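In: Fold the following for me, if possible:
(2 chains)
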Amino acid sequence: MRKKTHEENLEEVKAVLAFEGLELLPELEELILKEAKGEIIALQSEEMAMKILGLSNGKI
Amino acid sequence: MGKFNQSKYCYPNSTILINKFDVHDQQKLDQLEAYYVGRRLFQLRENPLRGKLYIEEQGKELFKELKKIRNFSHELYNLQECTDSSSFIEVENYKNEYIHVSILNSNVMVIRDKKKILLEGELEEIQRFVTNFIFN
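Out: All right, here's what the predicted structure looks like:
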C-alpha cells in the first residue's frame, strides 16, 4: 500500500480538527510539515509557534 | 444584562479556561490547541506503532501528551464548568478505530465515527470506557 504523504496526513488531521471547530493556521501547518521533513526540530517548532501566535512565555 | 455566572476554573469575567500558557484570548487558545493536538495527531499518523507494543506505547503516548498539554481528568472536570468549550480528545486503539471524547452542552460524550454517541455520562464512567477502548 502506498505510504501517505506528509501533506495527505496533515489534511486528515485538519479534517479532525475542523470537526471540533478548530482551525490550524497556515503558518502552523507549515511548521508541522517542516518538523516532519527534518528541517526544524521540535523545540524550534514550538518556539516558532509561540512567536506566530504572539505568545511570550513559551511554557508547555 | 443577566447575571454572569463566573466559574472558578475560568479567568475573571470570562469563560476562558485558566491555562498553563496564561492565554486570555479564546481565539489564540483555540489556535494553540489546534497546533499541539494537530501536531501529535499528525505524528501518530506518520509513525503509527503496531502490535502489543503499539497498545502499550500508544497508551503511554496518549497519557504523556494529555498530561503535557492539559491534565486529562482535571480538564474534563474544568470543561464541565465551562459550557462554551469546544475541546476534545481523540483516542485511537490498535485496531485503528477512533473515538472522540467531547464536551457538548455540559455533557461529556464519547463519539464514534464523528456522529454516533456511544456514551454520555459521568466522568468516571467516561474515563473507564476510554481506558477499556484503548487497552482491550
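In: A:Leu28: which element?
Out: A:Leu28 belongs to helix A:26-36 when elements are defined using DSSP states H and E.
In: What average pLDDT does that helix get?
Out: For helix A:26-36, the mean pLDDT works out to 96.
In: Against which helices or strands is the next helix or strand after it packed?
Out: Downstream of helix A:26-36, the first helix or strand assigned by DSSP H and E is helix A:42-52. Applying 3 or more Cβ pairs under 8 Å, 6 or more residues apart in numbering or on different chains; DSSP states H and E, we find helix A:42-52 packed against helix A:26-36, helix B:26-46. C-beta coordinates here come from the backbone N, C-alpha and C atoms, glycine included.
In: Including distance to B:Thr15, could those go into CSV?
Out: Shown next, in CSV, are the helices and strands packed on helix A:42-52 (distance: least, Cβ to Cβ, whole Å):
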stretch, distance to B:Thr15
helix A:26-36, 24
helix B:26-46, 8
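In: Out of those, which is closest to B:Ile126?
Out: helix B:26-46 (18.2 Å; Cβ to Cβ).
In: in the closest one, what counts as buried?
Out: B:29-45 (16 or more other Cβ atoms under 10 Å in any protein chain shown).
In: With just CA atoms, put it into CSV.
Out: The C-alpha trace of helix B:26-46 is given here as CSV (Å, rounded to 0.1, in the frame of the first residue of the first chain):
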residue,chain,number,x,y,z
GLN,B,26,-10.1,32.3,23.3
GLN,B,27,-9.2,32.5,19.6
LYS,B,28,-5.5,32.3,20.4
LEU,B,29,-6.1,29.4,22.8
ASP,B,30,-8.0,27.6,20.1
GLN,B,31,-5.2,28.1,17.7
LEU,B,32,-2.7,26.9,20.2
GLU,B,33,-4.8,23.8,20.9
ALA,B,34,-5.1,23.2,17.2
TYR,B,35,-1.3,23.3,16.9
TYR,B,36,-0.5,21.0,19.7
VAL,B,37,-3.3,18.5,19.2
GLY,B,38,-2.9,18.6,15.4
ARG,B,39,0.9,18.1,15.6
ARG,B,40,0.5,15.0,17.8
LEU,B,41,-2.3,13.6,15.6
PHE,B,42,-0.1,14.1,12.6
GLN,B,43,2.9,12.4,14.3
LEU,B,44,0.8,9.4,15.2
ARG,B,45,-0.4,9.2,11.6
GLU,B,46,3.1,9.4,10.3
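In: Cool, thanks, signing off.
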